[in-house]
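Novice: okay, sequence plus prediction incoming.
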Amino acid sequence: MSFNPSSPVTGTAQTGFTSPTYTFVADIAPAPNGKQYAITVAGGTQVGVDVHSVSKPFTFTFFKPAQLKTLPQANPLTGVIKNVPLNTYKLVTRKGMSPAVNQNAIVSTITTIINVPAGCDTYEPEDVKAALSAHIGILNANSAGIGDSIISGII
């Protein structure tokens, strides 16, 4: 199955939020190798949270490589593959927010970059999935702590 999120999505725990959910609709990605969605409804208790608008965007976009790379041939003498190329995937969340009263919104971005060495997708797909599982699990399990650290500056 490909990246095909189902709306709404349940947000993770954050201090001051109760049962956050996000309803989204398909949007036009800024590049043909991406899929983008705009958050149109914020559910649960999230006092003051704005949903997507022109001046305060709230979107997430998943990008695949513009051109997928394959594993090059091994050196016929040594059997070593040098310079294994990477296929880079990205998930970018954009959220407009105001830095102070009566100020224009500025877009904050959160980017997860996933570099997968060519060939690993077929030789060890379980390791690619394990890395993703652990990464997303750490983010999910520590969402509130990450949010509190970003607000307080204390890790």
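Specialist: Cool, got the structure. In this text, all values refer to a predicted model and were calculated from it rather than measured experimentally.

Novice: find the nearest non-adjacent residue to residue 3, please.
Specialist: Spatially, and ignoring its direct neighbours in sequence, residue 3 is nearest to residue 62 (4.7 Å; CB to CB, 6 or more residues apart in numbering). C-beta coordinates here come from the backbone N, C-alpha and C atoms, glycine included.

Novice: so what's the closest residue in space to residue 11 that isn't next to it in sequence up against?
Specialist: Of all residues not flanking residue 11 in the chain, residue 20 sits nearest, at 3.5 Å (CB to CB, 6+ apart). Residue 20 makes contact with 10, 11, 12, 14, 42, 43, 44, 45, 46 under the criterion CB atoms under 8 Å, 6 or more residues apart in numbering.

Novice: so the residue nearest to residue 3 makes contact with residue 89?
Specialist: Yes. With contact defined as CB atoms under 8 Å, residue 62 counts as touching residue 89 (7.3 Å).

Novice: neighbour count: these two, which is higher?
Specialist: In terms of neighbours (other CB atoms under 10 Å), residue 62 is the more surrounded of residue 62 and residue 89; the figures are 20 against 17.

Novice: neighbouring strands for the strand or helix carrying the more buried one, and are they parallel or not?
Specialist: Here residue 62 sits within strand 58-63, counting by DSSP states H and E. Strand pairing for strand 58-63, using DSSP bridges, gives strand 34-45 (antiparallel), strand 86-97 (antiparallel).

Novice: low-confidence regions, this structure specifically.
Specialist: The model of the chain has pLDDT under 70 over residues 1.

Novice: done for today, thanks.
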